[in-house]
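1. with the sequence up front, the predicted model follows.
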Amino acid sequence: MIDRNFTIQTLQKLVQINSVNPMLDNSGHGEEEIGRYIHSLLTDLGVSSEITEIEPGRVNVTGIIKGNGGGKSLMLNAHMDTVGTKGMSDPFSGRISHGNLYGRGAYDMKGSIAAILAVAKALQDKQIKLSGDLVLSFVADEEYESAGAQELIKSIKTDAAIVTEPTDLGICTAHRGFGIYKISAFGKTAHGGNHHIGIDANMLTGLLLAELWNWSKKLPALKSHPLCGDASMHVPLVDGGRSLFVYSHECSIHAERRTVPGETEKSVRQELQKLIDTVSEKEPLFKAKIEPVLWRSPYEISAQSEIVKILAGSVTDFLQEQPHYIGHTWWEDSAIFGEAGIETVIIGPKGGGIHEDVEWVELHSVCDLAEILLHSSTSFCS
Ligand SMILES: [Zn+2]
């Protein structure tokens, strides 16, 4: 059913277009060029689509294959941006070798964009009419702040969605979330020789860091999920003090807490507040405040939901094997769609080197993904 040559040629072209997220690397081109390419391809296929500008150079592309009416609507989604290319020798080659296609974004997730476009081509070529609408959604900025997905849900609401992040053709029904918190501890500035006056905020922060370290060791036993593993925490940034010979008046850290399904922003903030309070009880000079910086919810969908059952049926029919259920340890746009009331499941191709120096996708798995998406779309929307 799927046009394999079209799928592979499209993927190669997609990888050859620089769509590095400019928020991660200021030499990145953003999504405008790749968005125009996808838009023109959809137009050539006879699919109506529009480009939505989020900010200059940053766009979403949304195509709709209208159903005859009466059926459920489904969204197939992929992000167009990639992480940067530092350390890669030829990031935009799209070179094919031994059945793999190489380059930045090949696996995460231009293989999936090509698969979704191949679904559109198959439906148009065979003149297959669905009852419900099929939305083909290509979003900006997933690798940074998900501005694209957040913009999309203002105007699009489907009954279900399939996010096509890489899963090696497993069915991902859960992923972790994260919360970033800034914690500032306060001291008292003074000349380095005035130890009776100065209070060192940096050393006091050390007490908190030790408490956080101990807590991070306990987390796996306390909070774990059968598909996405353990909750975790680390401190990616520490910033304190003004100069040598001056007592530090303030030290701030950013704690990054990775959450499992079931955890909430409130529960995680309270947990950190409790650790701050524990340090204050042991050391009365320790005074600190906590500020939430960014929250992204963990996500989970029931294996009994209709979209998961249909996808599982498509995998079984097409791959002739039992579906393999997985969870992801990183956060994805699926949580945004899930929170908007769209039942969302994740499946993507096989490959490797995600965010690494050598990235590739297995071409036959991209075509398999397209077949599975086509089968699921016709089942769900009919
Ligand atoms: Zn991705």
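-> Now that the structure is in, tell me what you want to look at.

2. dump the residue contacts of the nearest residue to residue 382 once chain neighbours are set aside.
-> Nearest residue to residue 382, sequence neighbours excluded (CB to CB, 6 or more residues apart in numbering): residue 131, at 5.4 Å. (C-beta placed from N, C-alpha, C; glycine too.) Going by CB atoms under 8 Å, 6 or more residues apart in numbering, residue 131 touches 67-72, 381-382.

3. with residue 67 instead?
-> Counting by CB under 8 Å, 6+ apart, residue 67 has contacts 73, 129-134, 381.

4. do you know how far it is from residue 158?
-> 11 Å (CB to CB, to the nearest Å).

5. residue 51 now?
-> Residue 51 is 19 Å from residue 158, where distance means CB to CB.

6. neighbour count winner among those two?
-> residue 158 (24 against 15; other CB atoms under 10 Å).

7. quick one: pLDDT of the closest residue to the ion within the stretch 1-150 of the chain?
-> The ion sits closest to residue 108 of the stretch 1-150 of the chain, with a gap of 4.2 Å, by CB to the ion. pLDDT for residue 108: 97.

8. make sure it is indeed in a strand.
-> No. With DSSP: H, G, I helix; E, B strand; the rest coil as the criterion, residue 108 is helix rather than part of a strand.

9. who's in contact with it?
-> Taking CB under 8 Å, 6+ apart, we find residue 108 in contact with 82-83, 165-166, 354-355, 359.

10. so which residues on this protein come close to the ion?
-> With CB under 5 Å from the ion as the criterion, the chain comes near the ion at residues 108-109, 165.

11. before we move on, the earlier item: redo the contacts of residue 108 as a markdown table? Include pLDDT.
-> What follows is the contacts of residue 108, written out as a markdown table (pLDDT from 0 to 100):
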| residue | pLDDT |
| --- | --- |
| 82 | 98 |
| 83 | 97 |
| 165 | 98 |
| 166 | 98 |
| 354 | 95 |
| 355 | 94 |
| 359 | 98 |
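
12. and the spatially closest residue to residue 232 that is not a sequence neighbour, what does it touch?
-> Take residue 232 and drop its neighbours on the chain: the residue closest to it by CB to CB, 6+ apart is residue 258, 4.6 Å away. By CB under 8 Å, 6+ apart, the contact set of residue 258 is 176-178, 231-233, 329.

13. how does this structure divide into domains?
-> 4-175+298-381, 177-296 (automatic domain parsing).

14. ok, the residue nearest the centre of the chain - contacts?
-> Centroid-nearest residue in the chain: residue 332, 2.7 Å away (criterion: CA atoms, centre = their mean). If a contact means CB under 8 Å, 6+ apart, then residue 332 has 142, 163, 165, 175, 299, 346 as its contacts.

15. list the buried residues for the helix ranked longest in the chain?
-> Across the chain, the longest stretch assigned as helix under DSSP state H is helix 201-222. Neighbour-count burial for helix 201-222, counted by 16 or more other CB atoms under 10 Å, picks out 201-205, 207-209, 211-212, 215-216, 219.

16. and the contacts of residue 67, which are buried?
-> Among the contacts of residue 67, the ones that count as buried by 16+ other CB under 10 Å are 73, 130, 132-134, 381.

17. tell me which of those is nearest to residue 90?
-> residue 134 (35.4 Å; CB to CB).

18. ok, that closest one - contacts?
-> Neighbours of residue 134 in contact, by CB under 8 Å, 6+ apart: 64-65, 67, 73-76, 119, 123, 377, 381.

19. mutual contacts of residue 67 and residue 158, please.
-> Shared contacts of residue 67 and residue 158, defined by CB under 8 Å, 6+ apart, are found at 73, 133.

20. what about the strands in the stretch 151-300 of the chain?
-> Taking DSSP state E, counting those that start in this stretch as the criterion, the stretch 151-300 of the chain contains strands spanning 160-163, 171-175, 177-186, 224-225, 229-230, 232-240, 250-259, 288-296, 299-300.
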